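J.: build the 3D model from these lines:
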Amino acid sequence: MDGSKASAGTNASVITSVFFRGDQGMTKKRWDIPKRPAKQPEATEPPASPKNGELLGTITKVVIATNGLLAGAGYLFLAGYLGKVGIEISELEIGLPSLLLNGYIFAIEAFLHGSKNILWLKLIVLFLIVALCIYWVITHNFPNKISKELGAVLTIASAPTVALVFLLAPIWILSIGEGSAFNKEITEMGLSSQKSANKTQVISTPDGHLSGQLVIADQRYTYLRSGNVIYKIANDSQKVVRAITFTSADTDELEEQDGK
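T.: You can find the predicted model right below:
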């Protein structure tokens, strides 16, 4: 019996007894040290919704990926264009803005090229791509605030607007720049036909003046087409480094036959 009571006492608390010597004898002091409470499991909190920084990071990744595709398309577009006129793209130092501009020009020309049915098909594909990107951004960044059904509705409502802005906004800005140049510069030149004005470049070289149409230029070289010849001119010395002459293949064959 006493053993069971002692056992129950030890389960409730730990009893420590200490004897002190007093003037009248031994004095017994007791302290009850309570047992430590059991550790409660930590409550799991629901995942926090992403902050604005994460949403901005997602949008930044999408913009970087889009610019990368446009820059790659611009590089290939220029490589094909310049290669046809005898210029290797490795000869030029082309910056990222030029690559992006040429990539956008290629995208617009490729999008508008074709019949009306093909154009509608391209427009639907563009809407689908933009819609998938918008839906992924919404569901990835707002999983607890926006349901998948609401995300689909927002995607369908915003995809056409975003696609048209992405497609038409640069064209609108370019047209404003062209209109401003026409009103401020071209109209002051007194040309009889202002909308179809021809632009001729004149470069002074040690051997004389060269006039023609500008093909492309960078910080080191200028490529000028005069007649059927493209001149590569160094910008620092104004000397003609190379001349690329184009002749008809039929003419070459006739000249070879006449020589025989």
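J.: buried stuff in stretch 127-135?
T.: Phe127, Val130, Ala131, Cys133, Ile134, Tyr135 (16 or more other Cβ atoms under 10 Å). C-betas here are computed from N, CA, C, even on glycine.
J.: right, and the helix or strand after the helix or strand hosting Leu224?
T.: Leu224 belongs to strand 221-226 when elements are defined using DSSP states H and E. Using DSSP H and E, the helix or strand that follows strand 221-226 towards the C-terminus is strand 229-234.
J.: tell me who's in contact with Gln201.
T.: Contacts for Gln201 (Cβ atoms under 8 Å, 6 or more residues apart in numbering) come out as Ser211, Gly212, Gln213, Leu214, Leu224.
J.: specify the beta-bridge partners of it.
T.: Taking DSSP bridges as the rule, Gln201 bridges to Gly212.
J.: all helices for the stretch 101-250 of the chain, in order.
T.: Remark: helices assigned in the stretch 101-250 of the chain by DSSP state H, counting those that start in this stretch are 116-141, 148-184, 249-259.
J.: highest mean neighbour count out of these?
T.: Highest mean neighbour count among these (mean count of other Cβ atoms under 10 Å): helix 116-141, with a mean of 14.
J.: report the inter-axis angle for that helix versus helix 148-184.
T.: If you take axes from the mean of the first three to the mean of the last three Cα atoms, to 10 degrees, helix 116-141 sits at 120 degrees to helix 148-184.
J.: and helix 116-141, what does it pack against?
T.: In terms of contacts (3 or more Cβ pairs under 8 Å, 6 or more residues apart in numbering; DSSP states H and E), helix 116-141 is packed against helix 52-84, helix 96-112, helix 148-184.
J.: of those, which approaches Val229 most closely?
T.: Closest of the helices and strands packed on helix 116-141 to Val229 is helix 52-84, at 15.4 Å (criterion: Cβ to Cβ).
J.: any low-confidence regions in the stretch 101-250 of the chain?
T.: Low-confidence segments of the stretch 101-250 of the chain (pLDDT under 70): 141, 143-151, 153, 157, 192-196, 250.
J.: and the chain, what are its domains?
T.: 52-185, 203-259 (automatic domain parsing).
J.: hang on, the earlier thing: among the contacts of Gln201, which ones are buried?
T.: Buried by 16+ other Cβ under 10 Å: Gly212, Leu224, out of the contacts of Gln201.
J.: out of the contacts of Gln201, name the two that are farthest from one another.
T.: Pairwise over the contacts of Gln201, using Cβ to Cβ, the maximum falls at Ser211 and Leu214, 10.8 Å.
J.: and Ile89, its phi and psi?
T.: Here is the backbone geometry of Ile89 (degrees, to the nearest 10): phi -70, psi -20.
J.: measure it to Asn102 for me?
T.: 11 Å (Cβ to Cβ, to the nearest Å).
J.: between those two, point out the one with more neighbours.
T.: Each of Ile89 and Asn102 has its neighbours counted (other Cβ atoms under 10 Å); Asn102 has more, 20 against 15.
J.: quick one: that one from Gly74, how far?
T.: 4 Å.
J.: coming back round to it: ok, which of the helices of the stretch 101-250 of the chain comes nearest Gln219?
T.: Nearest to Gln219 among the helices of the stretch 101-250 of the chain is helix 148-184; the distance by Cβ to Cβ comes to 22.9 Å.
J.: okay, the angle between the closest one and helix 96-112?
T.: Helix 148-184 and helix 96-112 meet at an angle of 110 degrees, taking the same axes, to 10 degrees as the criterion.
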